[in-house]
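> sharing a sequence plus its predicted fold:
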Amino acid sequence: MKQILLKNAYIVSMNGKREIFNGGSILIEGNLIKAIGKVDLKLIENDAEIYDVKGKIILPGLINTHVHLSQQLGRGIADDVDLLTWLRERVWPYESSFDYEASLISSTACCAEMIKSGVTTFLEAGGQYVEAMAEAVEKMGLRAGLSKSVMDQGEGLPSTWVKTADQELEAQKELFDKYHNTADGRIKIWFGLRTIFNNSDDLIVRTKKMADELETGIHMHIAEIAAENDFIKETRGNSTVEQLHRLGALGKNLLAVHTVWLTDREIDLFRLYDVKVSHNPAAAMKVVLGFARIPEMLEKGISVSIGTDGAPSNNRMDMMREMYLTSLIHKGRTLNPKSVPAEQVLEMATIHAAKCALLENEIGSLEIGKKADLIILNPNSLHSLPLHDPIANIVYTMSSENVESTICDGKWLMKERNLLVMDEKELIEKVKEKSAEVKERAKINLPNRFPVVDIL
């Protein structure tokens, strides 16, 4: 098996002891970590690739637990509007105008942006062409949990999306049978529940049953806006979380996204049932969802991770930036400088995120026997020096520009800022062409913010 030796690094392992190996090395063999820290020279094969990373930092690959691959071409179509306008008048018309090729280009571009910002694993919240997503992920070399956008009711749905619970469950089972554990095990198929606005109780109950039987995860937007809880109380007699509890849908394989409007009791229910949480700070502020009670959840021992959400709601797939925002907004909300400190943010983006992805035995920390998913950060830039406190600097000063190289499953995806899995310039041209085509087909007309004078 091919070996790669990364030597002389400042290695932030995120292992159980949270050990840092200063001047340490990592030996990768195949897709696994064979040795870390001080590597015995006898373990290194003669043909091993040896890469000196002196003065640089190695981290576990970042894990983005909430992203919409199919929304990448829609960056900029829904800025400065409320959530329901965002969804029903901009994003749904946009997404329903997709075809396979558009989904493939969108998915590929999103994967490329994530690779360049240090992501090696992500959880996809749901789109209509999961087959295209799988094709993109296989080609780009990332690790992913992919979901179909699943809805069997609700106002404003495009006609092509009107499905029954039976149809949605059958479609997901077919995807699971075809793609789960493909791409050398990098692709997992999760089950999706878009929102409780659009999911019947019958669909929720049967989705939970099927996910439990097949031992996979469920990805769902939960308690995203106050109006969601109000609507469910009016129509079903409970808040979203209380209704999910009544239906028996809370569990360790449920990833609850956003979770902005939770009561103390609902946070306790999450702890009791080991529900996982994806916190999306940029999207929550930009679409004006509110401030999730993340410090309270962390204090209760709930597994909380970080996600970017999709391009129309963030608008960047930049986990380095999300880490920075995560710490800042909760310090501001609680007026406590110790709230969600840098080391806790780093846990949320790595080992806690691995738990949320149901992959904590494989990824999330750099340890012997785990998958070789890691990134190399170069701190030598004016915006990130001096390096008095490296962990703090990773969270508070560094950006995706500092991500120099990305390795997933033992393979270089990006090396010294060069994307190795595809032609980036060619992809950029495809993005420009296809995004304009989809926008025109969706009949989305955006107002000019300032007068535009065309000069012929």
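That came in fine, so what should we check first?
> export only the CA atoms of the longest helix seen in the chain, formatted as CSV.
Taking DSSP state H as the criterion, the chain has its longest helix at helix 424-442. Output of helix 424-442 as CSV, limited to C-alpha atoms (Å, rounded to 0.1, in the frame of the first residue of the first chain):
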residue,chain,number,x,y,z
GLU,A,424,-10.6,24.3,-11.4
LYS,A,425,-10.6,26.8,-14.3
GLU,A,426,-12.8,24.6,-16.4
LEU,A,427,-15.2,24.1,-13.4
ILE,A,428,-15.5,27.9,-13.0
GLU,A,429,-16.6,28.3,-16.6
LYS,A,430,-19.2,25.6,-16.2
VAL,A,431,-20.5,27.3,-13.0
LYS,A,432,-21.0,30.6,-14.8
GLU,A,433,-22.7,29.1,-17.7
LYS,A,434,-25.0,26.7,-15.9
SER,A,435,-26.0,29.1,-13.1
ALA,A,436,-27.2,31.7,-15.6
GLU,A,437,-29.2,29.0,-17.5
VAL,A,438,-30.9,27.7,-14.3
LYS,A,439,-31.7,31.2,-13.1
GLU,A,440,-33.4,32.1,-16.4
ARG,A,441,-35.3,28.8,-16.5
ALA,A,442,-36.5,29.4,-12.9
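> what comes into contact with that helix?
Where contact means C-beta atoms under 8 Å, 6 or more residues apart in numbering, the residues beyond helix 424-442 that reach it are 72-75, 77, 93-94, 96-98, 101-102, 105-106, 108-109, 112. The C-beta positions use only the backbone N, C-alpha and C, and glycine is treated the same way.
> of those residues, buried ones?
Listed as buried from the contacts of helix 424-442 are 72-75, 77, 93-94, 97-98, 102, 105-106, 108-109, 112; burial here means 16 or more other C-beta atoms under 10 Å.
> hey, where'd the helices end up in the stretch 251-400 of the chain?
Secondary structure of the stretch 251-400 of the chain (DSSP state H, counting those that start in this stretch): helices at 264-273, 281-286, 294-299, 319-334, 342-349, 351-356, 390-396.
> helix or strand right after the helix or strand of the chain with the lowest mean pLDDT?
For the chain, using mean pLDDT, DSSP states H and E, the weakest element among its helices and strands is helix 83-85, scoring a mean of 79. Sequence order places helix 92-96 as the next helix or strand after helix 83-85, per DSSP states H and E.
> out of the helices of the stretch 251-400 of the chain, deepest packed?
helix 351-356 (a mean of 26; mean count of other C-beta atoms under 10 Å).
> tell me the SS of the most centrally placed residue in the chain?
The residue lying closest to the centre of the chain (C-alpha atoms, centre = their mean) is N64, at 2.5 Å. What DSSP: H, G, I helix; E, B strand; the rest coil gives for N64 is strand.
> quick check: the gap between D264 and T406.
Distance, D264 to T406, by C-beta to C-beta, to the nearest Å: 40 Å.
> please read the previous query as pertaining to P379.
Applying C-beta to C-beta to P379 and T406 gives a distance of 16 Å.
> thought G310 was touching L73?
No - contact criterion C-beta atoms under 8 Å: G310 and L73 do not qualify, at 10.4 Å.
> can you show me the strands along the stretch 151-300 of the chain?
Ranges of strands in the stretch 151-300 of the chain, per DSSP state E, counting those that start in this stretch, are 187-189, 191-193, 218-222, 254-258, 276-279.
> JSON lines please, covering the ones you listed and showing mean neighbour count, mean pLDDT and distance to V162.
Formatted as JSON lines, those follow (neighbours: other C-beta atoms under 10 Å; pLDDT from 0 to 100; distance: least, C-beta to C-beta, whole Å):
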{"stretch": "strand 187-189", "mean neighbour count": "23", "mean pLDDT": "98", "distance to V162": "23"}
{"stretch": "strand 191-193", "mean neighbour count": "27", "mean pLDDT": "96", "distance to V162": "16"}
{"stretch": "strand 218-222", "mean neighbour count": "27", "mean pLDDT": "98", "distance to V162": "19"}
{"stretch": "strand 254-258", "mean neighbour count": "26", "mean pLDDT": "98", "distance to V162": "24"}
{"stretch": "strand 276-279", "mean neighbour count": "29", "mean pLDDT": "98", "distance to V162": "28"}
